[in-house]
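1. sequence-free structure coming up:
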């Protein structure tokens, strides 16, 4: 159905699968926890009761795989002390994780968690999904940064599933994305 009312609801978004919607919701929840200081229980309850698959302020949230959402949010919180050093090593030396904005940090943490703990999902799928999440929020260099960092992490954590990394091209791509910050 098209019409004036639909045009006022914001830009059309490419349809996402339920796991993709869960990833997007998980990143939003992690961001909310980071900037608002909410507990994991409160945020998970809020998202499952009032956001995932619901209409909020005239915007329809996509139906999401609730269990996938919960696994990512709870997993990132439980593994954060392990994830952050991994992410830090994948960033350029003079660009620490604490310099990355909260939303981008949430994307990198969620993607890193899946690379570390969700061996049932191919690394290339995880990377592609989180590039799409980054594109939902950013139009410039951030999706390239997500690609570069998660690709390096995938090669560290799951190298047997990927082709060998080309050091010169990879380092250059990551530097270009971070220079744009």
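-> Good, I have the coordinates. Since the model is a prediction, treat every value here as computed from it, not as a measurement. Numbers count the residues shown, from 1 in each chain.

2. Below-threshold pLDDT in this structure: ranges please.
-> 1-16, 93-96, 164-181 (pLDDT under 70).

3. residues making contact with stretch 41-58?
-> For stretch 41-58, contacts defined as Cβ atoms under 8 Å, 6 or more residues apart in numbering pick out 8-9, 21-22, 25, 28-29, 32-33, 38, 60-64, 66, 69-70, 73-74. Backbone N, C-alpha and C define where each C-beta goes, glycine included.

4. try 6 Å this time
-> 9, 25, 29, 32-33, 61, 63-64, 66, 70, 73 (Cβ atoms under 6 Å, 6 or more residues apart in numbering).

5. so where do the helices sit in the chain?
-> Using DSSP state H, the helices found in the chain span residues 4-7, 18-36, 40-50, 66-90, 102-117, 123-137, 142-157, 167-179.

6. any idea which of those is most buried?
-> Among the helices of the chain, ranked by average contacts under mean count of other Cβ atoms under 10 Å, first place goes to helix 102-117 (a mean of 24).

7. contacting residues around residue 161?
-> Residue 161 makes contact with residue 123, according to Cβ under 6 Å, 6+ apart.

8. Just give me the residue right at the centre of the chain.
-> residue 107 (2.8 Å; Cα atoms, centre = their mean).
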